[in-house]
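Trainee: Could you work out the structure for the sequence below:
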Amino acid sequence: SPEMAVWFAFAFLLVSAVAQSPTELLTTLIQCSKTLPSNQQGHEQVTIETAKLFLTYIDYDMENYNVTAASIAAFSHHKNITKNDIQLAKNVSVNEKAQLTMLLQSAIVECQSVSKGAYRPPYVQMSAPMTVDPNTGFLRNAQQQYFMPLGYNEAPVLNLSDPDDLTRHRALGMDTNSVNLQIAHVVPDNITVSDAAVEDIVAQFRTLASVNMTGTIFIGNGRQGGPNAPESRVMPPWAPLAYPGLVGDAGITHFYDFDIDNPGARAIFGVVLNAVIPPVVQTGNLLSVSLANEPGFEAANSTYTLRNFQAYLRTQYGTITALNTAWSSNFTSFDDPNLVNAMGYVRYNDEHTLVWSTFNRNRVTAFYRFLTETIHTAAATVGKTANVHIKTSNGATPLSSQHTSGIDREALAQFLDVHGCDTRALPVSKSHIPFPQHVEGVYAMDWYSITGSYDFMQSSSVQVKPVIDTEWHTISTVSFRQPVIPYAYMQACLWLSATHGLTLSQIWYWGRDGWLARPKLSKEFAGADFAFSMLTQPQMLDAFVRTRNRINALGDIAATIATRPASVYLFYSEDSSTLSTATRDMTLATYALCHNLDVKVRFVTERQLLRTPQMLDAVPIVILPSVVNVNESTVDVLSRITQLPNGPLLVRTGNSSTWDTFLSRDWLDQPRASGDVAFLSQWANVSIEYADAPTLHVLQELLQPALP
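Mentor: Okay, here's the model as predicted:
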């Protein structure tokens, strides 16, 4: 809290008079590091480079506290800068100095201990090319050592002409860079490819390859959100003329400004990808291609989408009368132009919501399948392969409330080579996900998003795949900041992530102008994003990289934990989660409780169960968390499992408001006869009113006999 930040600064001032200065401590650490073996010095180098940066930051922030005060005021939504904003800004440099002093003192103690013979795992170096371990999904360097690459959103650009630049990049975990691919730059004139634009992209990869770094292609997908955001059109000016409606008919989207169903989208992307991918993959250090940044497709108004939706409805309902009866609507025909309202703009009833959501997910998945196949084919023309992922937002998980954005994590996982995401954790006890069962004060941090996202993605694909989180929000988000965050919090976040399958972390964000002390104050957030961010907290920068170094050294252990067999199979229905808050809440509560019992959880989706009806026959435990909507075949499978003589322990988690709703409706939200689900009376019940210690004890007593 701001009050704690003031106390922290005051406490430091009391002892600073007798302590060595950070500059003196840095000199001592540098001297100590030189006494260590070369395979140990990388650990100290993290703190050394952190200290060099913050020695300049401290002076700047002390002299320019008005800049920080403006950022704090913007973050706090203050119309004008307040006295408290100014005081907090003045405390920033004091906190920076206090943290840096303690970091250096701790690093010196550790360095001296190692120099006297104490054991510490060796430092693992970044080296390309990176390869994927097919058994764990984890990345390995050129020496086949486990390695988790790090990165920073908006990181300083690598400058090979500066001999100290590569040292800083290496020490601070700048192992991977994003190389932007802007469609309009590659095809500026008609459909003609700009050789210069392609060469610029390839040259960036050659630079990374020359210093054993890896990179990802980041495909821009549209205008950023927010009224203050600069516009960034994907398509070149000629494209809307050649393909009418390509830009104007995008609908309601998140970070997209073109219509993915317009034939022009596939035509233009096809030309660009076939020009860019072959020369890039030949550099040998392309880690993956990111197809989009936090995409979302809430509603559509394209004539192409409408035409496809009309055909889909004809197949689904047969007659417009049947559709109107099902939706409580009054359309005149399947050709009624007002059907565009049903594409995300108006919600007629629950059945309509499920029908539109299913169609919407299918069309979005089809577009990304096209892009993936185009990239794979282009790479194959030069005898190479290329990994593909999408940076989906943390909202597109079973533990969130966002289920109508068109993003189908399970379907995408079947053909993408890498699981991509954008997750968050917060150093507070209150969950950022609306969750009635969560009692504030139970947890030291909000951790569901990171572990739940990674666990679900790994559960949803047949093969084990790498997990890349390219906007890892563990320090700051749009709506959260804290002036002083504990070192142990960052350690916990990164270890939790690694032991749940994370293989690359790119943190949000590098808040200064390159290596300079001057803050970056974005137009989009009116400068609010700098306040209390990572580059005002040296212990967060140090903890981020040093913890990763420890994980690398113990990577095989982390991989073993992440890929150990599951004991609990937690059923998940996308249709039920789309409609039912109770389903989402109970899924989250059950997942959290099992996690706290150190029980490995695997999500089992309805689609997986229908593809492989016997997949749960021999597992230890199956849990059904207040699921309402499933189709008839799913009911049949669950009924059969119930009758198995030596089948799994079967458990329902719910509460007084949900017991009568289990499996009570089909995928179109039509009621199901209670007799059809009478078998549920044979399942054990765990009532979860709150995810607290008494409930944890009840669940533990029930599950313990069935655990391996």
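
Trainee: Low-confidence bits of this protein, can you list those?
Mentor: 1-18, 223-232, 394-398, 401, 431-439 (pLDDT under 70).

Trainee: And for the residue at minimal distance from the centre of it, nearest residue in space, chain neighbours not counted?
Mentor: Note on the chain: the residue nearest the mean C-alpha position is D422, at 2.1 Å, using C-alpha atoms, centre = their mean. For D422, ignoring the flanking residues on the chain, the nearest one in space by C-beta to C-beta, 6 or more residues apart in numbering is E471 at 3.9 Å. In this view, the C-beta of every residue, glycine as well, is placed from N, C-alpha and C.

Trainee: isn't there a strand covering the one you found?
Mentor: Yes - judged by DSSP: H, G, I helix; E, B strand; the rest coil, E471 forms part of a strand.

Trainee: I figured it hits N153, correct?
Mentor: Yes - counting by C-beta atoms under 8 Å, a contact exists between E471 and N153, whose distance comes to 6.1 Å.

Trainee: Do a quick rundown of the strands in the stretch 251-400 of the chain.
Mentor: Taking DSSP state E, counting those that start in this stretch to define them, one finds strands in the stretch 251-400 of the chain at 252-254, 286-293, 296-299, 388-393.

Trainee: right, so of those, which gets closest to L554?
Mentor: Comparing the strands of the stretch 251-400 of the chain by their distance to L554 (C-beta to C-beta), the top pick is strand 286-293, with 22.5 Å.

Trainee: Next, the buried residues of the closest one.
Mentor: L286, L287, S288, V289, S290, L291, A292, N293 (16 or more other C-beta atoms under 10 Å).

Trainee: wait, what's in contact with the residue nearest to the second one when sequence neighbours are not counted?
Mentor: Going back to what we said before, that points to L287. Nearest residue to L287, sequence neighbours excluded (C-beta to C-beta, 6+ apart): T214, at 4.5 Å. Going by C-beta atoms under 8 Å, 6 or more residues apart in numbering, T214 touches A128, P129, M130, P149, D175, T176, L208, N285, L286, L287.

Trainee: Recalculate using a threshold of 7 Å.
Mentor: By C-beta atoms under 7 Å, 6 or more residues apart in numbering, the contact set of T214 is A128, M130, P149, D175, T176, L208, N285, L287.

Trainee: Just the buried residues out of those residues, in ChimeraX syntax.
Mentor: Here is the ChimeraX command that selects only those of the contacts of T214 that count as buried (16+ other C-beta under 10 Å):
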select :128,130,149,175,176,208,285,287
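
Trainee: Can I get the contacts of T214 in JSON lines including distance to V628 and secondary structure?
Mentor: Listed next are the contacts of T214 as JSON lines, based on distance: C-beta to C-beta, whole Å; DSSP: H, G, I helix; E, B strand; the rest coil:
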{"residue": "A128", "distance to V628": "49", "secondary structure": "coil"}
{"residue": "M130", "distance to V628": "43", "secondary structure": "coil"}
{"residue": "P149", "distance to V628": "41", "secondary structure": "coil"}
{"residue": "D175", "distance to V628": "45", "secondary structure": "coil"}
{"residue": "T176", "distance to V628": "42", "secondary structure": "strand"}
{"residue": "L208", "distance to V628": "49", "secondary structure": "helix"}
{"residue": "N285", "distance to V628": "48", "secondary structure": "coil"}
{"residue": "L287", "distance to V628": "41", "secondary structure": "strand"}
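
Trainee: Distance check, the residue nearest to D422 against Q506.
Mentor: For E471, the distance to Q506 (C-beta to C-beta, to the nearest Å) stands at 7 Å.

Trainee: For those two, indicate the residue with more neighbours.
Mentor: Taking neighbours as other C-beta atoms under 10 Å, E471 and Q506 compare with Q506 leading, 25 against 21.

Trainee: After the helix or strand hosting that one, which helix or strand is next? Please name it.
Mentor: In the assignment (DSSP states H and E), Q506 maps to strand 502-507. Following strand 502-507 in sequence order, the next helix or strand is helix 538-553 (DSSP H and E).

Trainee: Contacts for that following helix, please.
Mentor: Outside helix 538-553, the residues touching it (C-beta under 7 Å, 6+ apart) are 42-43, 46-47, 50, 54, 96, 99-100, 103, 121-124, 146-148, 150, 172-173, 475, 485, 487, 490-491, 494-495, 498, 507, 534-535, 558.

Trainee: can you point me to the longest helix in this structure?
Mentor: Ranked by residue count under DSSP state H, the longest helix found in the chain is helix 83-115.

Trainee: All good on my end, thank you.
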